[in-house]
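>>> here's my sequence, what's the structure:
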Amino acid sequence: MAHPFSQLAPSLDDIAQQGLYRSRRIIESPQGINLEIDGKNIVNFCSNDYLGLANHPDVLNAFKTGADHYGVGSGSAHLICGHSGAHHALEEELAAFTGRDRALLFSTGYMANIGVISALLGRGDAVFEDRLNHASLLDGGLLSGARFKRYAHADAADLSVNLEKASGNKLVVTDGVFSMDGDFAPLNELAVAAKNQGAWLMVDDAHGLGVIGEYGGGIVEHYGLGQDDVPVLMGTLGKGFGTFGAFVAGSEVLIETLIQKARTYVYTTALPAAVAEATRASLKIVISESWRRDKLKKLSERFRVGAEQLGLQVMPSSSAIQPILIGDSQRAVDISNALLEAGFLVSAIRPPTVPQGSARLRVTFSALHEEQHVDRLLDALAKIIAGRK
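From the prediction side, this is the model:
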């Protein structure tokens, strides 16, 4: 009798031979710019904790107080008995922060994207997605049953051509800040294209909210757009906010529709109320401490200048995400491993996360980094890459 799953082993071997095998590292310390991995202190350059709030004392204390009051588990879905006063207060505060009628919490960003798209579309409708959208957006479009079409990256003209051919409800879906490239979606152009064809525009601003804009309002604030321009706004809480979960913000009718029809909202346990309390604390910091965004911008610009001087191929990004294009997957892994040996954690991003031939080092910055961290990373990159030419 064949061993269970024996037919899967050759596939794993093939993944490894292509330099695409993924593995986990065990972190023994709190999240931050300094991590302990395998007993070694490492400077972290691959976290999405952009504002450095994951271990902020005010956020920690709010979480502890919330756990003392509400316990750990939420006990049920929001529509049964899991919707606490903390959840409700956070939704109202997120709605005010984003300038929208209402907000609705989801347990993860992946669940939010799948739930929203499936709730708004079905057979006979059409969904249009940027070619470089996050996997959760692509999966949401495919699972909705709507006609699925990908348009050229950040190309509003290509989108317009495709929109003209569609019928039924039409939803345009894009990342705000693209997570593997760091560039911005041209929201002003996409909003015009969508309006001209009677389509709805949905933006996943997971990597922009809290980080982009004078007040941290993300990509929508950056372009000066409102709820009428971008009817569906999704944001995650585990990146700029430093906690966990996600939300969707928009009109009264949108949120009520999601409460009734988004299966990933209706049929899953609510995130812990203590997490909601922690997020309420982090939201206050996001709003009040603009120096974190200013510092992020300065650090990113310092890195870009230094990387270009070294002849590294940095990708066009104005965000805290600063990828270095390597090309070959195994070479990207080798450089990442060498950086780890030198005391820096920088992820090698490979297909299928990014297109074939575009493997990269994804360098991300936190407001807790200092200029000396940036300079040390550049020095290490210079030595490692020079030694591999």
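>>> so where's this structure uncertain?
Per-residue confidence for the chain (pLDDT under 70) gives these ranges: 1-2, 386-389.
>>> tell me how far the closest residue to I385 other than its chain neighbours lies from R376.
The shortest distance from I385 to any non-neighbouring residue, by Cβ to Cβ, 6 or more residues apart in numbering, is to I335 (6.8 Å). Every residue, glycine included, has its C-beta placed from N, CA and C. To R376, I335 is 16 Å away according to Cβ to Cβ, to the nearest Å.
>>> more neighbours: which of these two?
I335 (21 against 15; other Cβ atoms under 10 Å).
>>> element containing the more buried one, please.
Per DSSP states H and E, I335 falls inside helix 329-341.
>>> buried ones in that helix?
Neighbour counts over helix 329-341 (16 or more other Cβ atoms under 10 Å) mark S329, A332, V333, D334, I335, S336, A338, L339, L340 as buried.
>>> check stretch 340-358 too.
By neighbour count on 16+ other Cβ under 10 Å, the buried set for stretch 340-358 is L340, A342, F344, L345, V346, S347, A348, I349, R350, T353, V354, S358.
>>> all strands for the stretch 1-150 of the chain, in order.
Remark: strands assigned in the stretch 1-150 of the chain by DSSP state E, counting those that start in this stretch are 34-37, 40-44, 102-106, 126-130, 147-151.
>>> just the ones of the buried residues of stretch 340-358 in helices?
Counting by DSSP state H, the part of these found in helices is L340.
>>> just the buried residues of stretch 340-358 now: which is nearest S47?
Nearest to S47 out of the buried residues of stretch 340-358 is L345 (Cβ to Cβ; 8.5 Å).
>>> that closest one touches N41, doesn't it?
No - with contact defined as Cβ atoms under 8 Å, L345 does not reach N41; the gap is 10.6 Å.
>>> next, show the common contact partners of these two.
Common neighbours of L345 and N41 (criterion: Cβ atoms under 8 Å, 6 or more residues apart in numbering): L35.
>>> now the angle from the helix holding I335 to strand 40-44?
Per axes from the mean of the first three to the mean of the last three Cα atoms, to 10 degrees, the angle that helix 329-341 makes with strand 40-44 is 120 degrees.
>>> so what touches helix 329-341?
Contacts with helix 329-341, where a contact means Cβ under 8 Å, 6+ apart, come from 18-20, 37, 42, 326, 345-351, 359-361, 377, 380-381, 384-385, 388.
>>> buried sites along stretch 360-374?
The neighbour-count check on stretch 360-374 (16+ other Cβ under 10 Å) flags R360, L361, R362, V363, T364, F365, S366, A367, L368, H369, H373, V374 as buried.
>>> go through those residues and flag which are in strands.
Using DSSP state E, the subset of those located in strands is R360, L361, R362, V363, T364.
>>> can you add distance to V172 and give the buried residues of stretch 340-358 back as a markdown table?
As requested, the buried residues of stretch 340-358 are exported to a markdown table (distance: Cβ to Cβ, whole Å):
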| residue | distance to V172 |
| --- | --- |
| L340 | 40 |
| A342 | 43 |
| F344 | 38 |
| L345 | 36 |
| V346 | 33 |
| S347 | 30 |
| A348 | 32 |
| I349 | 26 |
| R350 | 29 |
| T353 | 23 |
| V354 | 22 |
| S358 | 24 |
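>>> quick one: which of the buried residues of stretch 340-358 is nearest to D130?
Taking Cβ to Cβ as the measure, V354 is the one of the buried residues of stretch 340-358 closest to D130, at 13.9 Å.
>>> give the contact list for the nearest residue to that closest one once chain neighbours are set aside.
Leaving aside its sequence neighbours, V354 sits nearest to M180 (Cβ to Cβ, 6+ apart; 5.2 Å). Contacts for M180 (Cβ under 8 Å, 6+ apart) come out as L132, I321, P323, I349, T353, V354, R360, R362.
>>> same deal with G208?
When contacts are taken as Cβ under 8 Å, 6+ apart, G208 is in contact with G176, V177, F184, G218, I219, H222, G240, S319.
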